[in-house]
Structure formats: structure tokens, C-alpha cells
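Enquirer: Let's see this in three dimensions:
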Amino acid sequence: MPESTEQDLQHELEHFIDQHRNGLALLRYHSFQAFENLWRKIRGPRPIVIERYRPLARDERASAWQLVERCREHARNSQPVIFLCPDPDVEALSDAEVQAAFWKEMNACREALGAIPATLILTLDDAQTPACFHHGKDLVSWCSPKFESPTRASLPAASTLDRISMPRWGSDHAEATPSLIWRSLHPLLLQEVAGGQPLSPDAVTRLLFPLMRHALDTGSVTAAASLLEVGDRAIFATDRDRSLWLDMKGDLAVAQGDLVGALRSFSESKAIAERLAQSDPANAEWQRDLSVSLEKLGDLAVAQGDLAGALRSFSESKTIRERLAKSGHTNAGWQRDLSVSLNKLGDLAVAQGDLAGALRSFSESKTIRERLAQSDHTNAGWQRDLSVSLEKLGNLAVAQGDLTGALRSFSESKDIAERLAKSDPANAQWQRDLSVSLNKLGDLAMAQGDLAGALRSFSESKTIRERLAPSDPANAHWQRDLSVSLEKLGDLAVVQGDLAGALRSFSESKDIAERLAKSDPANAGWQRDLSYSCWLIASKVYEPQERWAEALELMEQSLRIDERLAATDPTNVTWQKDVKVSRELVEKLRAKVKEA
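Expert: This next block holds a predicted model:
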């Protein structure tokens, strides 16, 4: 077995075991010895290996139904399961009928196998190709053709392949988990739409939803966008499924910077969720769905600068989540939902200048997240949540002038982010989280006069973001992240007296900000970013160099943006302050131009 493949599978198996999840892993090797060699390297407690299957004579062959039933029994007992199926021994290779018969029977067991509460299914085929599935039936679909010699007619039409072909993930880790999942499920999706027919309700939940969520979670906007046409033509089994799809479409639109499209999708989703929630107030799942829709609309309102609208949406969402959290205090998911709502309201309080209110919300959220993180140290999601809470409290400490408290919070947050990023270098979100933590510590180092420390942190952050941004040019958030890193290095250059270096960094940052602002005039955050970029160059480079006319031109552009934003929301303290600062500088520069 190639070393890289063995390392990939060792990583996947260890992750499977460490999560203490129910599950089924099916592994096919050219020899049982290869599996034994890998198994000895696995750290921690090992799951049960319930079968060493190899093709036997027809009269002694184990029934696939028996294997399925044994998997189901162990899964019911919450024991991780490994179903090992080595490739046939040399002497059995000639009996292709035995293999075909086994997989034919497994295909007949597809529904039963798919009903196993599997979280992770791994396989290794004859060509040493790893794959990952979430449903037993998909595993059988993937394995069976290897023994049934499918004809070319069974493959998708070329036009379909062109429309939803494999996107470029842009990762340096070709065999990493994100592309592994995509490579496993995506071909099955292609088969489902081969004849041009709409995707079936079963395929929507088995294939489309996992693929779309995976693409969005890993930040691959290009991959997610490739699924739009299939999803829009799909047949949904329930209104709830349609609502979930609309939410995913909205998330994609946000990532692309299309706030108008996002509003359309989120509003349609909320209308469905509201109707379902009102039809059955006792249905907790539907109540939660409504809270999610409200939260997404709140996020959108923030991006558009409508803080009053955001407050309404976030408050309604929090009310639902408080009710659910009280009714099911042992439900970790509902507790986490409430912590998210508290953070959203805390962010709003900061934007409105209410630091005391923000501290209350952030602290309540952190209390919940600490409890969850301590209850399961292996849950990466909960560890990340705690890291985010620590970062928010660090930001607040900076705003209150408490640099010691800020350093404590940012350092704890970075420790978690670094641990997660190292555990999975292919996880783009965790890499981005680490870049944010590094920027926070860089800001603090600058404030304390440690310019060398600031340069180290900012440079490390920029390196991560330079890797992410070109990997998917359609991901607007990663482009903006790079713009922010350039701004920070420009600020540092100013403090070091290197105005030429500062101008280079600020100009590169402004180019990105300008591109994003033009792509979506409705995105208030990107408009403000452009205004800020203009202000940076004018005030920190041109003004010290007495380039009055060039500075004035940029500041007049900045002021126009600031005034437009401030007029849309008089309650936004930050935007009102932006107008005041810009007007003062414009007046000063106009006077300088006249003097010159």
C-alpha cells in the first residue's frame, strides 16, 4: 500500500475512534496482513472488528444479511464497528462468481445496511483509492460496479458531467478528508442525474445535502455553486427539506457576496419554517428550524447595516432557543444554539456602543460553551466554539482598555485554534480561525509596542490567507481576509516609518476591497471596507508626505460612502463616528490644497 494512502486511512480511523461515534467502517485490502500492520499503529481504544470476510466456496459463504444484522446489533449498543472485507486471496481470484454473488446480495441488503446509524464509512478499493460515505447504501453503490463490470451506458451524459464536474478544491493535501468525501459521493450524484431526470427525494438527503454542506463547511464556494442546478431541479420529499435547501442556497449566496439573492432564499425558507412551526408548536425540530431562519436573516441585516432589523430577528431566535434549552437542559445542541444567539446579541451590543450589555451576553455564552467543551474534549466543534467566545471577550477587553485581560483571552483562543488547525491541515475553516487568532495577538503586540512580535503574527496570518484566497477565488470572505492582513502589515510599516512599504500593502488591500464593493453594492460591510482603505492611504501615507490633492481625492470618496451608510441607520454608532472623522479630515485637506 502506498505510504500516503496508509497515512490517510490511519488518520481517518483514528478520527473515527477518537470521536466515540457509532458507525460502520468497511475496509478492503489486498491482504489481511496490510490491515494488521495498519491496526497496530492506531492510538487509543479500538472498535470491534466483527468480520473478516473473504470470498469462500458457495456452500460455506457467509450471508450478507447476517453481516448486516451483526452490524446493526453492535450499532444499537453504541459500539463502533469495523466490517473488514479483505480482497480475495490469490487462489480465490479466479472465482469471480463468488465475489459477484456476495455483492449482489449486499446490494439486496442496501436498505438494511443504509439504516445503520453510521457516521463514517471508509473503504479502500483495488486501486488503493480511499473513499468516505455516510450511508451504507452509497457504499454498496460504489463497490458493486467493481464486480459487475458496468457498461459505458450506465455513466452520466457528458453534458451533465460538464455542468456538475469535479471542482478544484485548491488544497495542497490531495488526499485530505474534504476531497475524499466529495470524490466518494459526487460520482453517485452524477449517476443519479445521468438521464437528465430530477434528483429523487432519497438522493437529495443521501447525496445532495451532504455534498452541499461539506462544500460550504470547507469554504469551497466553487464546489457548492456546481450543485445549484441539480438542487433547484430536485424533488423534495417534504416542505422542511425544501426549506433546508433554501437555507443552503442562501449561505452560498452570502459566501459569493450576493446579499439580494441570500435575502430571497432565506425569506422563502423562513416562510416555510414559520408555517410548519405554527402548525405544530410541540414539534421541537420545526421550532429550531424557525430559530435558524431568523438567525440567518439577522446576519443578513447586520451585513446590510440594518441593526434594528437584526435585533428583531436575533431576539426572536433567542426566545425560541431559550424555550427549547429550558425544556431539554440535557440537549447539548439546544444549549449550543442558545450560546450562538447570545453571541449574536453581544456583537450587536458592541456595534451600538453598549459594552456592558455585550459583556453580559458574551459571558453567558462562554459559560455554556465551557460546560460543553469540558463535557467532551474530543468534540472539535465545541472546542472551536469556546475559542470563538474567548476571542469575543478579548475584543471586548481591548475596547475597555484591559490589554492584560485581552492577552489572556486571545492566547487561550489561539491555543485551541492552533490545536485544531494542526489536527486537520485540510480544514479551511480551522486554518482561517488560526489566522484570525494570529491577527488578534498581532494587534495586541502592536498596542504594547512589540513590533517584532506583531510582524511575526501578522506574517503568519497572511501566509495562511494567501494560501486560502487563491484556492477558491469565488469565496469572497477569503478574499476579504487577505485584504485585512494586508492592511495590518501596512499599519505596521507606518509605525516602522516605511511609508513606501505601507503604500504597497494598503494599495493591494484597497484593490481587493474595491473589487468586492463593486460586486455587491448592497453589502454594507464591503462598502465600509473600501471607505476605510481610502482613509488609510490618505491619512497614513499621503498626508504625512504632504500629497494633499491625492489625499483629498481619496477622502472625498471615503466620505461619500460613510454618509450613504450612516443615512441608512442612524442607530449605528460606528457609522456615525465614521462620518465625523471623514468630514474633519476632508475639511483639513481642502484647506491644505487651497494653501498649496
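
Enquirer: mind listing the strands for this protein?
Expert: Secondary structure of the chain, counting by DSSP state E: strands at 24-27, 48-52, 81-84, 121-124, 130-133.

Enquirer: Dihedrals phi and psi, Pro198?
Expert: phi -70, psi 150 (degrees, to the nearest 10).

Enquirer: give me the number of residues near the nearest residue to it once chain neighbours are set aside?
Expert: Excluding the flanking residues, the one nearest Pro198 by Cβ to Cβ, 6 or more residues apart in numbering is Arg233, at 4.6 Å. (C-beta placed from N, C-alpha, C; glycine too.) When neighbours are counted by other Cβ atoms under 10 Å, Arg233 registers 12.

Enquirer: got it, and Asn427?
Expert: What Asn427 shows, counting by other Cβ under 10 Å, is a neighbour count of 22.

Enquirer: what do you get for Gln479?
Expert: There are 22 residues near Gln479, going by other Cβ under 10 Å.

Enquirer: Next up, the contacts around it.
Expert: 469, 473, 512, 515-516 (Cβ atoms under 8 Å, 6 or more residues apart in numbering).

Enquirer: so which of those residues comes closest to Asn283?
Expert: Distance to Asn283, by Cβ to Cβ, is smallest for Leu516 among the contacts of Gln479, at 40.2 Å.

Enquirer: if we can go back for a sec, any idea how far the residue nearest to Pro198 is from Leu199?
Expert: From Arg233 over to Leu199 the distance is 7 Å, taken as Cβ to Cβ, to the nearest Å.

Enquirer: any idea which of the strands of the chain scores lowest on pLDDT?
Expert: Mean pLDDT values for the strands of the chain show the minimum at strand 121-124, a mean of 46.

Enquirer: Quick check: the gap between the residue lying closest to Leu589 once chain neighbours are set aside and Glu543.
Expert: Counting by Cβ to Cβ, 6+ apart, Leu589 lies nearest to Leu552, which is 4.1 Å off, once chain neighbours are set aside. To Glu543, Leu552 is 10 Å away according to Cβ to Cβ.

Enquirer: and if you look at Asp258?
Expert: Going from Asp258 to Glu543 by Cβ to Cβ gives 36 Å.

Enquirer: what about Thr367, how many neighbours?
Expert: 12.

Enquirer: quick one: the residue nearest to Pro198 from Ala203, how far?
Expert: For Arg233, the distance to Ala203 (Cβ to Cβ) stands at 12 Å.

Enquirer: And Ser505, by the same measure?
Expert: 48 Å.

Enquirer: repeat for Asn395
Expert: 44 Å.

Enquirer: One more: Gly333?
Expert: On the measure of Cβ to Cβ, Gly333 and Ala203 end up 26 Å apart.

Enquirer: The chain - how does it break down into domains?
Expert: According to automatic domain parsing, the chain comprises the domains 3-149, 520-596.

Enquirer: ok, of the ones you listed, where does mean pLDDT dip lowest?
Expert: Looking at the domains of the chain, the weakest mean confidence is domain 3-149, a mean of 54.

Enquirer: With neighbour numbers in mind, choose between Gly333 and Ala203.
Expert: Just comparing Gly333 and Ala203: by other Cβ under 10 Å the higher neighbour count belongs to Ala203, 20 against 11.

Enquirer: I'd like to know how many residues surround the closest residue to that one other than its chain neighbours.
Expert: Sequence neighbours aside, Glu192 is the residue nearest to Ala203 in space, at 4.6 Å (criterion: Cβ to Cβ, 6+ apart). Using other Cβ under 10 Å, Glu192 has 23 neighbouring residues.
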